[in-house]
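**Q** whatever this is, show me its structure:
(one chain, ligands or ions: 2)
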Amino acid sequence: MMESLQNSLAVQAPSFGTIAGGSTKSRNVSSGATTDATTATGDTVQISEEARQQAAANQSATPNTTASVTEITTSESSQAQASSPVVGTALTASGRQVSIQRYTRTTTATDDSGKSLTQSGLLVSVSGNEKEPGQSYLLTGDTILSEDKNGVLSVSAYRAGQETSGADIIIGVSGAALSGGEGDDTIFDFSSTGAESIQGGDGNDTIIARNAIGNTIDTGRGNDAVVVAGSISGGTVSLGDGNDTMRATNIGISSDTSIDTGDGNDTISASFIGAGGNQVNITTGAGNDTIDANTIGFGGTQVNIDTGDDDDTISSSTIGFGGSQVNIDTGDGNDTISSSSIGFGGTQVNINTGDGNDSVNASWIGVGIGGSPQVNIATGAGNDSISASWIGVGIGGGEGGGGSSQVNIDTGTGNDSINASWIGVGSGRGGGGSSQVNIDTGAGNDSVNSSWIGVGIGGSSQVNIATGAGNDSISASWIGAGSSQVNIDIGTGNDIVKADMLGLRIESFAWEHLVQGLVEHAQDSGNGGGNVIAGAGGNDVLVGGDS
Ligand SMILES: [Ca+2]
Ligand SMILES: [Ca+2]
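**A** Ligands and ions are numbered 1, 2, ... in the order given. I've put the predicted structure just below:
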């Protein structure tokens, strides 16, 4: 949406109005088919006597930033419009195009030394109604544009209570509270840290702000959108029921922050969600919700995400980094969590996807480098799948610092599958890295597939796999290598465990030579740990390669 805000809007040759002190300018131009000849001339501008007096005063005064609107000349405006960036656009209910530009110009006025004075603010241009010429206003105060049921546009200084039941366009610059009331309102907040509060009220509202620091945004009911160019932090954002969209660069990176999008199919996107020693609570209620972020949980923060029931999707490059805690509960429904890294460094990540057919996809789950992450994943009943390149990696010693990783995966009942390249790796230059991976796939016909299960090189790993009742299969190229212990309990049912290599001693402790070392010592037999495979009742098959 911000991209669209940057789009240039063709602005017709403007005329100029001067509004100050809460006066109102109205253009009696209708967009409807019933417009009569009189209004079609577009020349029924009404300016109050107060506004005339204010305008006259402004014309002779040095330009300042305290009046809500200041007059500028045609040539100056055209030049300004050509060079000033568009920071917001909106459409009125009748289809007038409203364009907001950041504006700085050199005036004809000079100071005592003869130096030209500059004037800055927001230039608002209204165009797109063929029955009226374009209009431009230079705003330095909160302003509201609204149309009545006949399409008559009024532009005036905004004060609390001045919103209408129709679709208002409110432009805030002062930081005072803004409220759109009923109707599909568009509220711009250009104050530096955000308005004290922004209320959208009923209707499908759009709120666009620079920042929302320590304040309250409440869009009420309806399908609402909140776009914050900078940060939402230290306040609350409520989007009420309806299909809502929220976007910010950062959410809760400096102080406690709460987001609640209510019921409906909601979308939240951000670069960072949670950083620093604070708490971020996000609740998206019932409905098919989507959260998309670059990083969720960074540096000592706690992030709690509850997406409620139905089919939810969370995708983030990193979930849990550097001493953070991330708790994700996606409720019942078919949920998907995707990330490059889940649990890195000294983090704890708890993921509960509830009942339903859920999937968790990641490149890394539990990476202990310079910290000891714990990752707990529970996918509840249903046919769940977990796929990752690495599940549980502890790297200790050397420049990476001591690292150990623990990953607990419980996929509940249902036909679950776990696919990975590596499950359980402990390594460390100089020793010390360790990992423990506990996998319980519960009842149902489950499968666990991995190239390597249990690898300890200069470190140690323990992998415990229990596949419960049902016809389960475990297949791997290698089960147990180096200082690893692999315990497999395949429970009742007709199970199969297939491995090309069981037990492998690895003498190379160098992490960077891991793969090479494994290849070099592929003919060795026996490893430093003990491998246990236990089959309960049922027809179990163990297929092993060289051992
Ligand atoms: Ca309204
Ligand atoms: Ca609303």
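
**Q** tell me if stretch 195-209 is near ligand 1.
**A** No - Stretch 195-209 does not reach ligand 1 (Cβ under 5 Å from the ion); its nearest approach is 6.4 Å. (C-beta placed from N, C-alpha, C; glycine too.)

**Q** export that stretch as PDB, just CAs?
**A** What follows is stretch 195-209, C-alpha atoms only, in PDB (Å, rounded to 0.1, in the frame of the first residue of the first chain):
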ATOM      1  CA  ALA A 195      -1.600  11.000  17.200                       C
ATOM      2  CA  GLU A 196      -2.600  10.500  20.800                       C
ATOM      3  CA  SER A 197      -5.300   8.200  19.600                       C
ATOM      4  CA  ILE A 198      -6.900   7.300  16.300                       C
ATOM      5  CA  GLN A 199     -10.400   6.000  16.100                       C
ATOM      6  CA  GLY A 200     -11.800   4.600  12.800                       C
ATOM      7  CA  GLY A 201     -15.200   3.700  14.100                       C
ATOM      8  CA  ASP A 202     -17.700   1.600  12.100                       C
ATOM      9  CA  GLY A 203     -17.100   1.200   8.400                       C
ATOM     10  CA  ASN A 204     -14.100   0.100   6.300                       C
ATOM     11  CA  ASP A 205     -11.400   2.500   7.400                       C
ATOM     12  CA  THR A 206      -7.900   3.100   6.200                       C
ATOM     13  CA  ILE A 207      -5.400   4.600   8.700                       C
ATOM     14  CA  ILE A 208      -1.900   5.600   7.400                       C
ATOM     15  CA  ALA A 209       0.600   6.900  10.000                       C
END
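
**Q** can you give me the offset of that stretch from its chain's centre?
**A** Stretch 195-209 sits 19 Å away from the centroid of its parent chain (Cα atoms, centre = their mean, to the nearest Å).

**Q** let me see the mean pLDDT of that stretch.
**A** Taken as a whole, stretch 195-209 carries a mean pLDDT of 97.

**Q** same check, this time on stretch 428-443
**A** Stretch 428-443 comes out at a mean pLDDT of 86.

**Q** and what of stretch 98-117?
**A** 85.

**Q** ok, and for that stretch, which residues are buried?
**A** For stretch 98-117, burial by neighbour count (16 or more other Cβ atoms under 10 Å) applies to 98, 99, 100, 101, 103, 105.

**Q** alpha carbons of that stretch, in PDB - could you do that?
**A** This file holds the C-alpha atoms of stretch 98-117, laid out as PDB (Å, rounded to 0.1, in the frame of the first residue of the first chain):
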ATOM      1  CA  VAL A  98      -6.900  13.800  -3.000                       C
ATOM      2  CA  SER A  99      -3.200  14.000  -3.200                       C
ATOM      3  CA  ILE A 100      -0.900  15.000  -0.300                       C
ATOM      4  CA  GLN A 101       2.600  16.200  -0.900                       C
ATOM      5  CA  ARG A 102       5.400  17.300   1.300                       C
ATOM      6  CA  TYR A 103       6.100  20.800   0.400                       C
ATOM      7  CA  THR A 104       8.900  23.300   0.900                       C
ATOM      8  CA  ARG A 105       9.200  26.500  -1.100                       C
ATOM      9  CA  THR A 106      11.000  29.800  -1.000                       C
ATOM     10  CA  THR A 107       8.600  32.600  -0.500                       C
ATOM     11  CA  THR A 108       8.800  36.200  -1.800                       C
ATOM     12  CA  ALA A 109       9.000  37.300   1.900                       C
ATOM     13  CA  THR A 110      12.300  38.100   3.400                       C
ATOM     14  CA  ASP A 111      13.700  38.400   6.900                       C
ATOM     15  CA  ASP A 112      15.400  41.500   8.200                       C
ATOM     16  CA  SER A 113      18.600  40.700   6.400                       C
ATOM     17  CA  GLY A 114      16.900  40.300   3.100                       C
ATOM     18  CA  LYS A 115      17.200  36.500   3.100                       C
ATOM     19  CA  SER A 116      14.200  34.700   1.500                       C
ATOM     20  CA  LEU A 117      12.000  32.800   3.900                       C
END
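
**Q** re the thing from before, just give me the closest of the buried residues of stretch 98-117 to ligand 1.
**A** Checking those against ligand 1 with Cβ to the ion, the nearest one is residue 98 at 14.8 Å.

**Q** now tabulate the buried residues of stretch 98-117 in CSV and tack on distance to residue 234.
**A** Shown next, in CSV, are these (distance: Cβ to Cβ, whole Å):
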residue, distance to residue 234
98, 31
99, 32
100, 26
101, 30
103, 30
105, 36
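
**Q** among these, name the ones in strands.
**A** Using DSSP state E, the subset of the buried residues of stretch 98-117 located in strands is 98, 99, 100, 101, 103, 105.

**Q** need those in CSV with distance to ligand 2, can you?
**A** Shown next, in CSV, are those (distance: Cβ to the ion, whole Å):
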residue, distance to ligand 2
98, 19
99, 24
100, 21
101, 27
103, 30
105, 37
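
**Q** tell me the centre residue of this structure?
**A** The centre of the chain sits closest to residue 269, judged by Cα atoms, centre = their mean, with a distance of 2.4 Å.

**Q** bridging residues for it?
**A** With DSSP bridges as the criterion, residue 269 is bridged to residue 247, residue 292.

**Q** from residue 492, how far off is it?
**A** 45 Å (Cβ to Cβ, to the nearest Å).

**Q** got it, and residue 380?
**A** 21 Å.

**Q** who's more crowded, those two?
**A** residue 380 (22 against 17; other Cβ atoms under 10 Å).

**Q** name the nearest residue to residue 166, sequence neighbours excluded.
**A** Counting by Cβ to Cβ, 6 or more residues apart in numbering, residue 166 lies nearest to residue 183, which is 4.6 Å off, once chain neighbours are set aside.

**Q** tell me who's in contact with that neighbour.
**A** 164, 165, 166, 167, 168, 201, 202, 203 (Cβ atoms under 8 Å, 6 or more residues apart in numbering).
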